[in-house]
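1. this is a predicted model, with the sequence first.
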Amino acid sequence: MLEAAETECAMDELINKRGVINSIVFHNEENGYTIARVDGKGERFTAVGHLPGARAGMGFEFSGRWIVHRNYGEQFAFTGYREIVPDTKDDIEVFLASGAIRGIGPKMAKAIVGMFGDKTLEVLEHEPHRLLDVDGVGKKKQAVISESFAEHREFAGVVLYFRQYGVSPVAAMKLYREYGALAVDAVNENPYRIIDDVFGIGFRMADAIAMKLGVEANGECRIRAGLVYILRRGVADGNTFLPKEELKEKAILLLDVTGDEIEDTLFSLILDGTVDAINPDGSEAIALSVFRVAEQSVSANLLRLSKASLKAIMTDTDGLIRATEESSGIRLSDNQKSAVKSSLDSGVFVITGGPGTGKTTIINAITDILSHCGFRTSVAAPTGRAAKRITETTGHPASTIHRLLEYTYGEDDDEAMSFGRNAENRLECDAVIVDEASMIDVLLMKALVEAIPDGVRLIVVGDADQLPPVGAGNVLRDMLACEVLPAVRLTEIFRQAEESMIVVNAHRIDRGEYPSFRHEDTDFFMLRRSGDANILRTVIDLCVNRLPGHFDDFDALRDIQVLTPMKKGVLGNINLNRELQRALNPPSPARVEKTYGERAFREGDKVMQIKNNYALKWVSSEDFSEGEGVFNGDMGYIEQIDDDFGSITVVYDEVKHVTYETDKLDELEHAYAVTVHKSQGSEFPAVVIPIFAVAPTLATRNLIYTAITRGKRLVVLVGSEDRLRAMIDNDRRKDRYSALKFLLRDNYDVF
């Protein structure tokens, strides 16, 4: 959607226009950008600008200018506004029916105004208990309406206050979401705190607010905030530290201050423990203390476990291996047998290898042997989907690492997580096997290894050639690169896997070779198409018609997954989701839908949770049990949308029902198409991958390798073979700054 900046000319000076919103043409819930038809005095006009919480029926006085948009004609582009409180029965009813207040729909609005008339808003503000006199309003609904109305009034006051400092309604909306009625006090106390507290507000926005509040350009609080911001940006890129000179260069560019001022502030940050000066490879570097502590803890605990005395296996391991071969009907190769033996003999052992190299077979053998010996074995993975897949393929119960460690959360902060199993209350088991270890970041690894007692075997399994974890650190690769922890790299592809062109081509790509395309009896295809629009049409046709039509057991929604390198553009997952939703789950009178920003959620939609929420409650329809926690990457389907309350119920794992209120809908995205990064740890019966022009940082060998290895029975590439070859040639794996491999190597002899 084109915003007001894309105009040809401004027609008038700044003026005010009053009116009531007749309809919303477009509204982005995340940033408030709105295009609305407004009924003014004797005229209807189009208003464009940032208007958080806009609903039809709400009245405003807008401050702005008339513009002419090159495509849409005359519009009123507003930069400021104030809400006009309706004062007649009809206007109040229209306002309440607009959906601006949770719990009130058109019927309820009519009933409330019918009882209280033009005094309705006074009742809502000062005597909300009187709502109980209205038919259909119980205590629960009355509480929801009262709370929502109070929030609406508070938000209007916050926007009005920050307007004097040039803070946009978008930023004010985010501040209010975080601090509520205390937003003004919080920002006045320290404007830079909002960088950490408010998602989507970066240093530049906080800095602009601070400057308007009179903070000095070379003040220590500003330089501190800038340095911490740069380090946290580094963390977002996967780094646990930054070289000191690189940090200084970035700070000088960002803050326009001297190197001496940066040195002084760095010294202050080191003194108060916010950051640490480290020498990971002999050169000066700076790390946020939490990540320095995390890497030191991971290193110390891995070395502790690797050198601890192990509970002895009292039976001949060769005999145990033969017994498990006989019981499973699978013959292990010499390399696999060696890996099994080494894992049983080692405190810490790392197993890496690509698809079809027998990682799952080895896990099966190890768990069988340990079970035969009476050992208690815990099997875990970073995500729920990965844990479920391990359970299905091995038959051994697996959980997420979070559940294994008995996570808990703070009542006031969904992300304030801690673990019931830790250094003071360690796990009660004899061995821990962790699969999909390429996804484990340094903070999660810290929690895991701290909770493992001396003498417990830790077996870490993963594909080091896949994409690195989303979080900071390079745990699996550092464990392999340190050269002090025993490890095995599996390279042999087994007979059954050799029959799969998915496996064969994944290994070819990993070696930098181009894939082979057979035209018959294969599970790996490429449909050569040119142009993004043509690729898009083919992807949709595959998902809707060709694959479900050819494979009788493929369900278009549940078995076929589109994977793409990026979010934006014609072939990014945002647009792919829009087009696939239109094709696979179109609008229907039988399906309720709810618009949230640019997304239209519809009953039946395939969706994904995009952040860890440890407090989100679920109820099982299988046994009516209850639990908490929905995690980044979990996929489900929208079962029901409640029109009155605006809530959405999603079903995960076929039985877990989760209700999202409006303020949590930013945690949901459509999942007809997902980015390759979001697909890590998952397998799908069929994957469809568009191959097109993307930035070199995304068009990499390990990204296409990761995407292809998500397919279990079928992989279809759609697009340019030249682009595919360019991705395979681009082995530019972004090197992360991480200290773990150096700590393991340097401290090995200390333990």
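-> Structure's in. What do you need?

2. number of residues surrounding residue 518?
-> Neighbours of residue 518 under the rule other C-beta atoms under 10 Å: 11. Yep, even glycine has a C-beta here, placed from its N, CA and C like the rest.

3. and for residue 323?
-> Other residues within reach of residue 323, judged by other C-beta under 10 Å, total 15.

4. and it, how close does it get to residue 85?
-> According to C-beta to C-beta, to the nearest Å, residue 323 and residue 85 sit 79 Å apart.

5. host element of residue 67?
-> strand 59-69 (DSSP states H and E).

6. hmm, who's touching the helix or strand encompassing residue 575?
-> Applying DSSP H and E as the criterion places residue 575 in helix 573-584. The contact list for helix 573-584 (C-beta atoms under 8 Å, 6 or more residues apart in numbering) reads 536, 539-540, 543-544, 556-557, 562, 564, 566-569, 598, 600, 602, 605, 669-675, 690.

7. tell me the buried residues within those.
-> Neighbour counting with 16 or more other C-beta atoms under 10 Å marks 536, 539-540, 543, 556-557, 562, 564, 566-567, 569, 602, 605, 669-675, 690 as buried within these.

8. what about the closest residue to residue 150 other than its chain neighbours, neighbour count?
-> Spatial nearest neighbour of residue 150, chain neighbours left out: residue 125 (7.8 Å); criterion: C-beta to C-beta, 6 or more residues apart in numbering. By other C-beta under 10 Å, 12 other residues sit near residue 125.

9. let's see stretch 282-290 as PDB, backbone CA atoms only.
-> Extracted in PDB, the C-alpha atoms of stretch 282-290 (Å, rounded to 0.1, in the frame of the first residue of the first chain):
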ATOM      1  CA  GLY A 282      44.200 -12.400  21.500                       C
ATOM      2  CA  SER A 283      42.600  -9.200  20.400                       C
ATOM      3  CA  GLU A 284      40.500  -6.700  22.300                       C
ATOM      4  CA  ALA A 285      36.800  -7.100  22.200                       C
ATOM      5  CA  ILE A 286      33.700  -6.000  24.100                       C
ATOM      6  CA  ALA A 287      30.700  -8.200  25.100                       C
ATOM      7  CA  LEU A 288      27.500  -7.600  26.900                       C
ATOM      8  CA  SER A 289      28.000  -9.200  30.300                       C
ATOM      9  CA  VAL A 290      25.100 -11.600  29.900                       C
END
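
10. pull out the buried positions in that stretch.
-> For stretch 282-290, the neighbour count (16+ other C-beta under 10 Å) marks 285, 286, 287, 288, 290 as buried.

11. low-confidence ranges in the stretch 401-550 of the chain?
-> For the stretch 401-550 of the chain, the stretches with pLDDT under 70 are 409-417, 495-498, 519-520.

12. show me where it has helices.
-> Counting by DSSP state H, counting those that start in this stretch, the stretch 401-550 of the chain has helices at residues 401-404, 442-450, 475-481, 495-498, 501-510, 532-541, 547-550.

13. give me the contact list for the third one.
-> With C-beta under 8 Å, 6+ apart as the contact definition, helix 475-481 has outside contacts at 298, 302, 350, 352, 437-438, 440-442, 445, 460, 462, 464, 468-469, 485, 487, 489, 738, 740-741, 744.

14. in PyMOL, select just the buried ones from those.
-> Entered in PyMOL, the line below selects the buried ones among the contacts of helix 475-481, by 16+ other C-beta under 10 Å:
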select buried, resi 298+302+350+352+437+438+440+441+442+445+460+462+464+468+469+485+487+738+740+741+744
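
15. so which of the contacts of helix 475-481 sit within strands?
-> By the criterion of DSSP state E, membership of those in strands covers 350, 352, 460, 462, 487, 489.

16. tell me the two of those that are most distant?
-> Of all pairs drawn from the ones in strands among the contacts of helix 475-481, the greatest distance, 12.9 Å, lies between 460 and 489 (C-beta to C-beta).

17. nearest to residue 97 among the ones in strands among the contacts of helix 475-481?
-> The nearest one, if we look at the ones in strands among the contacts of helix 475-481 relative to residue 97 and count by C-beta to C-beta, is residue 462, at 54.2 Å.

18. report the beta-bridge partner residues of that closest one.
-> residue 352 (DSSP bridges).

19. enumerate the positions of the next helix or strand after the strand holding residue 67 that are buried.
-> Counting by DSSP H and E, the element after strand 59-69 in chain order, helix or strand, is strand 73-84. Across strand 73-84, burial judged by 16+ other C-beta under 10 Å covers 75, 76, 77, 78, 80, 81, 82, 83.

20. and what of stretch 43-51?
-> With burial defined by 16+ other C-beta under 10 Å, the residues of stretch 43-51 counted as buried are 45, 46, 47, 48, 49, 50, 51.

21. redo the residues you listed as JSON lines? Include secondary structure, distance to residue 112 and pLDDT.
-> Below are these laid out as JSON lines (DSSP: H, G, I helix; E, B strand; the rest coil; distance: C-beta to C-beta, whole Å; pLDDT from 0 to 100):
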{"residue": "45", "secondary structure": "strand", "distance to residue 112": "30", "pLDDT": "92"}
{"residue": "46", "secondary structure": "strand", "distance to residue 112": "31", "pLDDT": "93"}
{"residue": "47", "secondary structure": "strand", "distance to residue 112": "28", "pLDDT": "92"}
{"residue": "48", "secondary structure": "strand", "distance to residue 112": "32", "pLDDT": "91"}
{"residue": "49", "secondary structure": "strand", "distance to residue 112": "30", "pLDDT": "86"}
{"residue": "50", "secondary structure": "strand", "distance to residue 112": "30", "pLDDT": "82"}
{"residue": "51", "secondary structure": "coil", "distance to residue 112": "25", "pLDDT": "84"}
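
22. what's the farthest-apart pair in the residues you listed?
-> The widest separation within the buried residues of stretch 43-51 (C-beta to C-beta) is 17.3 Å, between 45 and 50.

23. what's the local residue count around residue 134?
-> When neighbours are counted by other C-beta under 10 Å, residue 134 comes out with 18.

24. and residue 15, by the same measure?
-> Residue 15: 12 surrounding residues under other C-beta under 10 Å.

25. could you list the low-pLDDT ranges of the stretch 601-750 of the chain?
-> Regions of the stretch 601-750 of the chain meeting the criterion pLDDT under 70 cover residues 644, 733-734.
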